[in-house]
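Undergrad: pasting the sequence and the predicted model now:
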Amino acid sequence: MKKIISLLIAFLLLLPLVGCGAGAEEVSVMATFYPVYVLARNVLDGVEDVKLSSMTPPSTGCLHDYQLLTSDMKALAKAKALLVNGAGMESFLPSLEEQFPSLTIIDCSQGVELIAEQESKDEHEHGEYNAHIWLDPRNAIQMVNNLQTGLSELLPDSADQIRANAEAYKARLTALDDELRQAISVLPKKTMVTFHEAFPYFAKAYGLEVAAVVTLEPDEPISPRMLKQVIQKVKDAGSPPLFSEPQYENTALRTISQETGVPVYELDPLVTGDGALTAYEDTMRKNLSVLQEALGG
């Protein structure tokens, strides 16, 4: 009898461990797309019993006209929170809030000073603001602040670790911002032509000027009239370097290059990648090297 009682006591002592260890139910947290996922991965690094995933594959790119899939809806039905870029990037958000009223939505754009979207004289309509906020590291820091606040409320037992992760990551992003600021400030050239409106926040942060944008809709063909207009803008601006993006076909930029004699370089808007913890810094430093080559001569 004493042996049975001892075994029962030992079992009862182990019960709390069962509830908070490997057997605890995971909390599903989803990011809408790649840059939000990278920031969130740093904030949640090492936090137990949380499953962070990206709603869209890392090859999706920007969510300009993204339509929710059945698989997205099934995943969201199981999620506790959705981390969104905000600023109009997720055009599907209003309908999503109606369909999942209990889903916690953390908007990373809160507190970010938004830039008004360039108006198109063609048939396309864009949102009120440019949504590529993450490409200014200072905005990325604010996005991390928003993630820290929202995730700490969602996961109060892990708030200390979330805060420590966020502070460490913000320190890295601040160092990156200082590095970019110093390096770009000494470049003799400051004017550029970009493929689409991905870089106004980056340009504003570091004193660069985007003289022309090839297209507002990166996935759609560029009309001959639009192409002619851009070629003229490039010439009027003194033929600054052209910048393509690895996620999109650059046929139009090659045509502009042939017509103006201006070389084409490649800047990455950080919307695809391997999802590494250092992906943000790695991509930004790669972009810096490109800018030093393009604007340094």
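TA: Here it is on my side, so go on.
Undergrad: which non-adjacent residue is nearest D107?
TA: G86 (4.1 Å; CB to CB, 6 or more residues apart in numbering). Just so you know, the C-beta spots here come from the backbone N, C-alpha and C atoms, and that holds for glycine as well.
Undergrad: before we move on, what about D45?
TA: D45's closest residue in space is N165 (CB to CB, 6+ apart), at 5.4 Å.
Undergrad: how about W134?
TA: Take W134 and drop its neighbours on the chain: the residue closest to it by CB to CB, 6+ apart is P35, 4.5 Å away.
Undergrad: list the contacts for the one you found?
TA: Applying CB atoms under 8 Å, 6 or more residues apart in numbering, we find P35 in contact with 85, 134, 270-271, 280.
Undergrad: filter those down to the buried ones, ChimeraX style.
TA: Buried residues among the contacts of P35 (16 or more other CB atoms under 10 Å), as a ChimeraX selection:
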select :85,134,270,271,280
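Undergrad: now tabulate the contacts of P35 in JSON lines and tack on distance to D236, pLDDT and secondary structure.
TA: Shown next, in JSON lines, are the contacts of P35 (distance: CB to CB, whole Å; pLDDT from 0 to 100; DSSP: H, G, I helix; E, B strand; the rest coil):
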{"residue": "N85", "distance to D236": "33", "pLDDT": "98", "secondary structure": "coil"}
{"residue": "W134", "distance to D236": "31", "pLDDT": "98", "secondary structure": "helix"}
{"residue": "L270", "distance to D236": "30", "pLDDT": "97", "secondary structure": "coil"}
{"residue": "V271", "distance to D236": "30", "pLDDT": "96", "secondary structure": "coil"}
{"residue": "Y280", "distance to D236": "35", "pLDDT": "98", "secondary structure": "helix"}
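Undergrad: and the residue nearest to D107, how many neighbours does it have?
TA: A total of 23 residues lie near G86 under the criterion other CB atoms under 10 Å.
Undergrad: quick one: pLDDT of it?
TA: Looking at G86, its pLDDT reads 97.
Undergrad: pretty sure it sits against I105.
TA: No. The pair G86 / I105 is not scored as a contact, 9.2 Å apart, by CB atoms under 8 Å.
Undergrad: the most centrally placed residue in the chain sits in which helix or strand?
TA: Taking CA atoms, centre = their mean, the centroid of the chain lies closest to P35, which sits 2.5 Å from it. Using DSSP states H and E, P35 maps to helix 34-43.
Undergrad: continuing past that helix, what's the next helix or strand?
TA: strand 50-54.
Undergrad: so that following strand versus helix 34-43, what angle?
TA: Going by axes from the mean of the first three to the mean of the last three CA atoms, to 10 degrees, strand 50-54 is angled at 160 degrees with respect to helix 34-43.
Undergrad: can you give me the offset of strand 50-54 from its chain's centre?
TA: 16 Å (CA atoms, centre = their mean, to the nearest Å).
Undergrad: can you pull the buried residues of that strand?
TA: 50, 52, 54.
Undergrad: list the helices and strands that strand packs on?
TA: strand 27-31, helix 34-43 (3 or more CB pairs under 8 Å, 6 or more residues apart in numbering; DSSP states H and E).
Undergrad: that one pairs with which strands, parallel or anti?
TA: strand 27-31 (parallel) (DSSP bridges).
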